[in-house]
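[1] Any chance you can model this:
(one chain, ligands or ions: 1)
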Amino acid sequence: MIKITNLNKIFNENTKREFHALKNINLEIKNSSCVILKGISGSGKSTLLSIIGTLSKPTSGSIQVEDENIAKLPDLHASNFRAKKLGFIFQSYNLFDTLSVKDNVSIALIPLGFNQTQIDGMVLKALELANIQHKKDELVYNLSGGEKQRCAIARAIVNNPEIILCDEPTANLDYDNSLIFIESLRTLKNLNKTIIVATHDPIFDNLDFVNKVINIKNGEICE
Ligand SMILES: Nc1ncnc2c1ncn2[C@@H]1O[C@H](COP(=O)(O)OP(=O)(O)OP(=O)(O)O)[C@@H](O)[C@H]1O
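    Down below sits the predicted model:
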């Protein structure tokens, strides 16, 4: 369970540019559920996702993941938490263009101390799950947008994370590739992953495997 309590994020606090981006967010996300964070541009979706992902810290409030409050983790602990428990999928893919698909995916395992045989096995499994194994030796530079997204999915799941965070994952995909992405999410849901997607893409409306849609407006949850 992810339990967010009284969470606030204020950028540039106590300056003329002060901006209250998240206002008293309270939210519970059950294990193995799929949750969509919806809201127009600037509503605070990415800010919330990056705080859940320990990429930034809230101004106040707590985020309990099982028994741990991850809101105030020191940087080293936060990076350990991310490496073990989280997978990220971004709209811009965040891949290394000049590396192969296989090498992009294995990067996520480097901090975890696996040996080469273990890494090879885990990478192959992730590539197969994401349906990109046939391009494993190709440079990312040469992939299509949909293939890059599948490579990004493989990288996000290679560490077998419990939680997968997706920020506008279909923003750069055409309709057919967006549907393929949604089928990958369904596969991950069936593998009991907890999935949180920040999006304003209507393609995520009314999906049968989505457990909860949370609307965010001006940094607040509106039920
Ligand atoms: N580092 C920052 N400093 C100041 N303001 C910020 C910062 N990051 C985000 N904001 C502001 O916080 C608000 C929420 O931004 P956020 O990126 O979370 O929105 P979003 O809902 O994800 O939008 P989009 O769909 O366009 O990505 C915006 O008004 C943004 O300008």
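[2] And the strands in the chain?
    The residue ranges that make up the strands of the chain, judged by DSSP state E, are 2-11, 19-29, 34-38, 60-65, 68-69, 86-90, 163-167, 194-199, 212-217, 220-222.
[3] Listing partners with orientation, what would you give for the shortest one?
    I take that to be strand 68-69. Listed by DSSP bridges, the sheet partners of strand 68-69 and their directions read strand 60-65 (antiparallel).
[4] List the beta-bridge partners for the residue sitting nearest the centre point of the chain.
    Ranked by distance to the mean C-alpha position of the chain (CA atoms, centre = their mean), the top residue is Leu165 at 1.7 Å. As for beta bridges, Leu165 partners with Phe88, Ile196 under DSSP bridges.
[5] Show me which residues of this protein sit near the ligand.
    Proximity of the chain to the ligand, by CB under 6 Å from any ligand atom, involves residues 11-12, 19, 21, 39, 41-47, 200. From N, CA and C alone the C-beta is placed, and that goes for glycine too.
[6] Kindly reformat the strands of the chain as JSON lines and extend each row with mean pLDDT.
    Below are those laid out as JSON lines (pLDDT from 0 to 100):
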{"stretch": "strand 2-11", "mean pLDDT": "97"}
{"stretch": "strand 19-29", "mean pLDDT": "97"}
{"stretch": "strand 34-38", "mean pLDDT": "96"}
{"stretch": "strand 60-65", "mean pLDDT": "96"}
{"stretch": "strand 68-69", "mean pLDDT": "92"}
{"stretch": "strand 86-90", "mean pLDDT": "92"}
{"stretch": "strand 163-167", "mean pLDDT": "96"}
{"stretch": "strand 194-199", "mean pLDDT": "96"}
{"stretch": "strand 212-217", "mean pLDDT": "95"}
{"stretch": "strand 220-222", "mean pLDDT": "94"}
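[7] among those, which is nearest Asp137?
    When the strands of the chain are ranked by proximity to Asp137, the top entry is strand 86-90, at 22.3 Å, counting by CB to CB.
[8] Counting by contacts, list what the closest one packs against.
    Applying 3 or more CB pairs under 8 Å, 6 or more residues apart in numbering; DSSP states H and E, we find strand 86-90 packed against helix 145-157, strand 163-167.
[9] Pick out the shakiest of these, pLDDT-wise.
    Per-segment confidence across these bottoms out at helix 145-157, which has a mean of 92 in mean pLDDT.
[10] Check which residues of that one are buried.
    146-157 (16 or more other CB atoms under 10 Å).
[11] Same question for stretch 67-79.
    Under the neighbour-count criterion of 16+ other CB under 10 Å, stretch 67-79 has 70-71, 73, 78 buried.
[12] With that, I have no additional questions.
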